[in-house]
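1. Task: produce atomic coordinates for the following.
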Amino acid sequence: MGAYYSTLSGWIIPVTRAMKALDIDPNETLEKFNIDPADVNDPEGRICVVSLGNLFEYCNKVVDDREFNIEVARHFHPSALHALGYAIQSAFSLQEALERVSKYKRVVSNCSNMETYEDGDELIVEFVVYRYPDSGRQVLSPDLIESFLATLVQVARDMVGGNLEPLKVQLSTPSPRENSEAVASFFNCPVQYGCERNAIVLDLAACKERCLGNNPVMNQIHMEMLNQFMSRVDKTNLSYLIENKIIEELPMGAPSQSDVAKHLGFSLRNLQRKLSEQGTCYKDILDATRKRLTLSYIKQPHLSISEISYLVGFSNVANFNRAFKRWLGTAPGEYRQSYLSENTISEPDHSAQASR
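-> Okay, here's the model as predicted:
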């Protein structure tokens with residue numbers, strides 16, 4: 001059963017770098033746990049999380065203090081996540097990046113889910129690890145859970161220039177027998193074990209600020225790459241397939257649900273039923289796709305409002321303006337002026353809550 005649960009082979013990169021930094025022989029160690037370093041050359045390659053968890057346990061015994069968990073996080077780079085990693089780097093804000101990871105978490109592994117949501121003045125990033133049905137044991141080992149949360153914190157710090165500390169970190173795993181100075185020093189905030197959830201709690205206002213690496217043009221390109229990637233690796237999720245078809249057709253007008261169903265080889269009724277089973281509908285996917293593209297286009301000054309209206313499939317600017325006001329609560333011209341003057345308006349993205 002363990003082999004069923006896997007993660008992207010890109011994790012081999014930070015794992016190998018961490019081993020080198022801690023004077024652990026990478027090739028010998030990876031071979032010991034049946035992990036082929038060459039798998040990293042396959043962008044869609046997978047590695048067994050049972051093997052990965054055993055490797056982490058071994059390396060932590062070699063160096064003590066659970067330092068290996070933290071060293072992997074320190075050596076992580078978003079490019080290890082391929083299309084998702086690039087989409088994270090070009091996101092407008094840290095909140096948008098974390099919500100993006102939550103929405104596309106399946107590209108990383110099939111071992112867990114992730115939810116990013118607001119709670120008062122806090123942003124909660126909750127990591128929901130699946131359990132084996134027979135034993136109830138979490139699919140991911142305590143080392144992997146701790147290291148993944150540390151990796152999210154490292155990514156967050158890199159995106160905002162390093163000046164970010166979590167308010168607290170919560171883990172569902174039992175409290176370790178010995179405190180880890182490496183873990184405490186890295187997180188630099190209260191770390192609580194034996195909790196009901198695995199979560200990172202962040203300051204919401206800081207997460208809404210524009211990130212240094214934000215690039216609207218590249219963001220749009222990366223999101224298109226990500227959706228194409230997801231349509232290949234997760235063929236059970238129709239949302240990705242439908243969104244790709246919508247993006248392809250929008251400049252010629254929004255495609256009808258019947259046309260999309262025909263393109264995918266479904267009857268209209270069958271497509272509606274499958275989407276309902278996934279907790280969504282065609283109208284919501286179309287609206288969310290238009291909104292996401294619009295928020296990318298509106299930040300590109302060379303595109304006029306009328307051009308944006310055309311690109312996202314509206315027959316006239318008046319209809320586009322009404323939709324924009326519904327999405328953001330303001331007119332597109334006002335939003336653009338505010339964005340360009342760097343007095344940005346925070347756009348609420350409810351995709352994470354909708355998937356909960």
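2. can you give me the helices in the stretch 1-150 of the chain?
-> Here the stretch 1-150 of the chain has its helices, by DSSP state H, counting those that start in this stretch, at 12-21, 26-32, 49-63, 67-74, 83-89, 94-103, 142-159.
3. Report the distance from the second one to the chain centre.
-> Translated: helix 26-32. 29 Å (C-alpha atoms, centre = their mean, to the nearest Å).
4. can you list contacts of that helix?
-> 12, 15-16, 19-20, 36-37, 55, 58-59 (C-beta atoms under 8 Å, 6 or more residues apart in numbering). Where C-beta positions appear, they are placed from N, C-alpha and C, glycine not excepted.
5. Could you tell me whether P166 really is in a strand?
-> No - counting by DSSP: H, G, I helix; E, B strand; the rest coil, P166 falls outside a strand, being coil.
6. from what I can see it touches C189, true?
-> Yes - the pair P166 / C189 is scored as a contact, 4.7 Å apart, by C-beta atoms under 8 Å.
7. Those two: who's more crowded?
-> More crowded of P166 and C189, by other C-beta atoms under 10 Å: P166, with 23 against 16.
8. residues in contact with the more buried one?
-> 153, 187, 189, 200-202.
9. Count the neighbours of the residue nearest to T7 when sequence neighbours are not counted for me.
-> Excluding its sequence neighbours, the residue lying closest to T7 (C-beta to C-beta, 6 or more residues apart in numbering) is S109, at 3.7 Å. Burial of S109 is recorded as 22 neighbouring residues (other C-beta under 10 Å).
10. Contacts only, for S109.
-> Counting by C-beta under 8 Å, 6+ apart, S109 has contacts 5-8, 49.
11. Please pick the buried ones from those.
-> Among those, the ones that count as buried by 16 or more other C-beta atoms under 10 Å are 5-8, 49.
12. coming back round to it: how about TSV for the helices of the stretch 1-150 of the chain, with distance to N214 and mean pLDDT added?
-> Shown next, in TSV, are the helices of the stretch 1-150 of the chain (distance: least, C-beta to C-beta, whole Å; pLDDT from 0 to 100):
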stretch	distance to N214	mean pLDDT
helix 12-21	24	95
helix 26-32	34	93
helix 49-63	32	95
helix 67-74	23	96
helix 83-89	9	84
helix 94-103	9	90
helix 142-159	9	94
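13. now the contacts of P166 in a markdown table, with secondary structure?
-> What follows is these, written out as a markdown table (three-state DSSP):
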| residue | secondary structure |
| --- | --- |
| V153 | helix |
| F187 | helix |
| C189 | coil |
| I200 | strand |
| V201 | strand |
| L202 | strand |
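14. out of those residues, who's nearest D134?
-> D134 has its nearest neighbour among the contacts of P166 in I200, at 29.9 Å by C-beta to C-beta.
15. Distance of that closest one relative to E146?
-> Between I200 and E146 the distance is 12 Å, computed by C-beta to C-beta, to the nearest Å.
16. Looking at these two, which one has more neighbours?
-> E146 (28 against 23).
17. Can you name the residues that contact the closest residue to that one other than its chain neighbours?
-> Excluding the flanking residues, the one nearest E146 by C-beta to C-beta, 6+ apart is N69, at 4.9 Å. Applying C-beta under 8 Å, 6+ apart, one finds that N69 lies in contact with 56, 60, 143, 146-147, 150, 182-183.
18. Over to L204?
-> 95, 118, 120-123.
19. Turn the residues you listed into JSON lines, including distance to T330.
-> Shown next, in JSON lines, are the contacts of L204 (distance: C-beta to C-beta, whole Å):
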{"residue": "Q95", "distance to T330": "19"}
{"residue": "E118", "distance to T330": "20"}
{"residue": "G120", "distance to T330": "24"}
{"residue": "D121", "distance to T330": "23"}
{"residue": "E122", "distance to T330": "25"}
{"residue": "L123", "distance to T330": "23"}
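20. Which of the residues you listed are buried, as a ChimeraX select command?
-> To isolate the buried members of the contacts of L204 in ChimeraX, using 16+ other C-beta under 10 Å:
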select :95,118,123
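21. among the contacts of L204, which are in strands?
-> 118, 122-123 (DSSP state E).
22. Make TSV out of these and add distance to L238 and pLDDT.
-> Output for the ones in strands among the contacts of L204, formatted as TSV (distance: C-beta to C-beta, whole Å; pLDDT from 0 to 100):
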residue	distance to L238	pLDDT
E118	28	96
E122	33	97
L123	29	97
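23. nearest to S239, of the residues you listed?
-> So of the ones in strands among the contacts of L204, ranked by how close each gets to S239 (C-beta to C-beta), first place is E118, at 22.7 Å.
24. Not counting sequence-adjacent ones, nearest residue to the closest one?
-> L204 (5.9 Å).
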